[in-house]
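Colleague: Mind folding the following:
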Amino acid sequence: MKRTHLLVIVFLLPLMLSAGLADQLKHLRLGMPAMEINRGWRLHERVIEFYQDGWGPGEKYVYHYQSSVSSKIDSVQVLSWDEDLGSYQVSMSWHFEYNGNGQVTAITGFYVIPGLGSIPIFYNSAVYDGSQRLLHYYMNILNIGTGQVEPFSRIHLIYSGNRLTTMYSWASMMDKQNEYDKSVFSYSGQGQVTGVLSQVSPDSVNWINSENETISYHPNDTSSESSVIAYFSEFMTMAYIADPWVTFGMPAFDQIEAWVDGAWVLAERETYTWDNQNKLLTRLEEVNVNNNWQDQSKYTLSYDTNNNVYQVVEEYSDTGVLQPENRYTYNWESYTSVEDGLLPIVNSLQVRSYPQPFSGELNIAAASKNADAIKLEIFNLKGQLIHKSLVLPGSIYKWNGLDVHGISCASGIYYLKASQGNRTFSSRIVKLK
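Modeller: Residues are numbered from 1 along each chain as shown. Okay, the predicted model is just below:
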């Protein structure tokens with residue numbers, strides 16, 4: 001597959017994201033990212049091959065982790081196969097930010113232009129309540145016409161007691177008749193999600209039935225209300241790197257009805273098989289074509305000796321005869337348990353920068369128990385110093401985005417380092433045009 005041109009990325013990315021978002025909202029099909037399944041192992045690389053008269057290289061995802069919390073993703077490099085060069089080339093990079101509870105608060109995506117650097121193409125942010133439950137998720141996409149990252153979609157979650165009851169979403173699509181979606185969840189006595197009623201609306205006031213999902217579970221399933229909340233709070237923000245074959249809980253059968261001419265009509269169904277170690281083996285999706293069930297897609301999973309997913313083969317069909325389409329291969333690496341967990345760093349020097357990302361002016365608030373001056377330094381990704389200043393503790397320094405020569409810095413990722421005596425504090429900052 002040849003490397004995708006920038007304009008194609010810019011125009012297709014919103015479509016790709018909205019498609020994934022729709023699946024996530026209407027069906028509980030996108031589960032936890034694979035790298036979170038087993039403690040002690042983290043995903044190093046995910047390779048995707050495309051089938052066309054045989055398996056051929058397609059994309060590769062390389063995961064980089066925080067040095068202080070080795071199970072938390074710091075960034076992901078996306079490499080695409082370049083047929084002309086005969087090798088993988090970096091095409092995009094995603095960078096993650098977390099709060100003190102280890103939850104993702106922001107993801108910034110960049111498109112990499114060989115020889116020129118990178119430009120921001122999306123910025124997502126998450127808001128949580130005092131119980132660490134996800135309340136709002138905002139997605140912003142580059143508008144190539146204005147050159148600005150603008151709102152593309154948002155999600156709002158409503159809770160009642162210990163249950164997620166309703167989820168609202170909005171997505172800006174030029175060819176979409178109904179911009180608003182609503183999903184209402186129903187539960188079993190055990191707390192399993194057994195139903196999802198989806199409705200759509202052109203104005204968020206008048207709602208029309210869209211889909212009705214009914215889920216039954218494997219006898220070994222232990223999911224509950226808290227599992228649902230954890231799924232959305234911890235893994236929904238990882239939608240960009242989640243795997244479409246992983247499920248929420250251990251479903252056995254999933255039936256989806258569509259609202260057609262004022263009545264519910266069977267539209268899709270999914271069947272799952274599990275082994276005696278509760279590992280998913282297959283997921284088969286069928287569609288109802290003139291009252292006949294026709295295979296549409298199938299995922300078949302295999303595992304390594306550590307019970308991590310090794311390979312997934314995806315088959316797809318428009319005619320009912322499944323054909324190979326994608327093959328996912330996973331390379332894992334181990335880390336020690338003492339590296340895991342959120343370890344508070346005792347440091348009397350603290351620096352906060354806002355807004356993130358920024359386009360005009362960045363506020364840098366420095367605090368310290370020591371009254372000595374604090375040295376601020378800003379570096380680019382090459383490690384080159386582009387700005388420095390001295391500030392007093394308790395003050396707010398405003399950086400106008402200019403380098404030491406008074407030239408406006410390009411859009412991209414920069415690193416802020418604060419020093420006071422033998423104490424240092426560093427963080428990542430993102431500048432947009």
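Colleague: Show me where the chain has its helices.
Modeller: 6-26, 225-230 (DSSP state H).
Colleague: for the residue nearest to Gly56 when sequence neighbours are not counted, what are its contacts?
Modeller: Spatial nearest neighbour of Gly56, chain neighbours left out: Phe50 (5.8 Å); criterion: CB to CB, 6 or more residues apart in numbering. Heads up, the C-betas are built off the backbone N, CA and C, glycines and all. Counting by CB atoms under 8 Å, 6 or more residues apart in numbering, Phe50 makes contact with Met1, Gly56, Pro57, Gly58, Glu325, Asn326.
Colleague: cool, Lys298 as well?
Modeller: Thr282, Arg283, Leu284, Glu285, Glu314, Glu315, Leu322.
Colleague: ok, now how distant is it from Tyr168?
Modeller: 32 Å (CB to CB, to the nearest Å).
Colleague: thinking again about what came up before, the contacts of Lys298: which two are farthest apart?
Modeller: Farthest pair in the contacts of Lys298 (CB to CB) is Arg283 and Leu322. Separation: 12.4 Å.
Colleague: More neighbours: which of those two?
Modeller: Arg283 (23 against 15; other CB atoms under 10 Å).
Colleague: Give me the number of neighbouring residues for the closest residue to the more buried one other than its chain neighbours.
Modeller: In space, not counting the residues next to it along the chain, Arg283 is nearest to Tyr299; the distance is 4.6 Å by CB to CB, 6+ apart. Neighbourhood size, Tyr299 [other CB under 10 Å]: 22.
Colleague: Can you turn the buried subset of the contacts of Lys298 into a selection I can paste into ChimeraX?
Modeller: This is how ChimeraX selects the buried members of those, with burial counted by 16 or more other CB atoms under 10 Å:
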select :283,284,285,314,315
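Colleague: Which ones among the contacts of Lys298 map onto strands?
Modeller: Secondary structure assignment by DSSP state E places Thr282, Arg283, Leu284, Glu285, Glu314, Glu315 of the contacts of Lys298 in strands.
Colleague: Leaving out sequence neighbours, find the closest residue to the fourth one.
Modeller: If the residues on either side of it in the chain are set aside, Glu285 comes closest to Ser297, at 4.6 Å by CB to CB, 6+ apart.
Colleague: Quick check: bridge partners of that neighbour?
Modeller: On the basis of DSSP bridges, Ser297 is bridged to Glu285, Tyr316.
Colleague: looking at it, it is touching Val312, isn't it?
Modeller: No. Using CB atoms under 8 Å, Ser297 makes no contact with Val312, being 11.9 Å away.
Colleague: which one of those two has more residues nearby?
Modeller: Set Ser297 next to Val312 and count neighbours by other CB under 10 Å: Val312 wins out with 23 against 18.
Colleague: I'd say the more buried one and Leu301 touch.
Modeller: Yes. The pair formed by Val312 and Leu301 meets the contact definition of CB under 8 Å, at 5.2 Å.
Colleague: What distance do you get for the closest residue to Ala367 other than its chain neighbours to Ser359?
Modeller: Nearest residue to Ala367, sequence neighbours excluded (CB to CB, 6+ apart): Gln350, at 4.8 Å. Distance of Gln350 to Ser359, computed by CB to CB: 25 Å.
Colleague: For the stretch 1-150 of the chain, which segments count as strands?
Modeller: With DSSP state E, counting those that start in this stretch as the criterion, the stretch 1-150 of the chain has strands at 41-51, 55-65, 73-82, 87-98, 104-113, 117-128, 134-143, 148-160.
Colleague: Reformat those as JSON lines; add mean pLDDT and distance to Asp203.
Modeller: Below are these laid out as JSON lines (pLDDT from 0 to 100; distance: least, CB to CB, whole Å):
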{"stretch": "strand 41-51", "mean pLDDT": "91", "distance to Asp203": "39"}
{"stretch": "strand 55-65", "mean pLDDT": "91", "distance to Asp203": "38"}
{"stretch": "strand 73-82", "mean pLDDT": "89", "distance to Asp203": "37"}
{"stretch": "strand 87-98", "mean pLDDT": "88", "distance to Asp203": "33"}
{"stretch": "strand 104-113", "mean pLDDT": "86", "distance to Asp203": "29"}
{"stretch": "strand 117-128", "mean pLDDT": "86", "distance to Asp203": "24"}
{"stretch": "strand 134-143", "mean pLDDT": "89", "distance to Asp203": "20"}
{"stretch": "strand 148-160", "mean pLDDT": "89", "distance to Asp203": "16"}
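Colleague: hang on, the earlier thing: okay, now the residue nearest to Ala367: neighbour count?
Modeller: 14.
Colleague: ok, now the one 10 residues further on?
Modeller: A count of neighbours around Gly360, defined by other CB under 10 Å, yields 10.
Colleague: For it, which non-adjacent residue is closest in space?
Modeller: Here the residue nearest Gly360, using CB to CB, 6+ apart, is Gly401, at 7.1 Å.
Colleague: mind giving me the domain ranges of the chain?
Modeller: Per automatic domain parsing, the domain ranges recorded for the chain read 6-339, 349-431.
Colleague: any idea how far the longest one is from the chain center?
Modeller: In other words, domain 6-339. 7 Å (CA atoms, centre = their mean, to the nearest Å).
Colleague: Please dump the strands of the stretch 1-150 of the chain into a markdown table; it should also carry distance to His218 for every row.
Modeller: Converted to a markdown table, the strands of the stretch 1-150 of the chain look like this (distance: least, CB to CB, whole Å):
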| stretch | distance to His218 |
| --- | --- |
| strand 41-51 | 24 |
| strand 55-65 | 29 |
| strand 73-82 | 29 |
| strand 87-98 | 32 |
| strand 104-113 | 29 |
| strand 117-128 | 30 |
| strand 134-143 | 26 |
| strand 148-160 | 26 |
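Colleague: circling back: ranking the helices of the chain by mean pLDDT, which is last?
Modeller: Among the helices of the chain, helix 6-26 has the lowest mean pLDDT, at a mean of 37.
Colleague: And Leu301, how far from Gly401?
Modeller: Distance from Leu301 to Gly401, by CB to CB: 47 Å.
Colleague: pretty sure Ala371 contacts Pro393?
Modeller: Yes. Ala371 is within contact range of Pro393, at 6.3 Å (criterion: CB under 8 Å).
Colleague: So the two - more neighbours on which side?
Modeller: Taking other CB under 10 Å, Ala371 and Pro393 do not tie; Pro393 has more neighbours (18 against 9).
Colleague: which residues touch the closest residue to the more buried one other than its chain neighbours?
Modeller: Leaving aside its chain neighbours, Pro393 sits nearest to Ser368 (4.2 Å; criterion: CB to CB, 6+ apart). For Ser368, the contacting residues are Ser348, Leu349, Gln350, Ile374, Pro393, Gln420, Arg423, by CB under 8 Å, 6+ apart.
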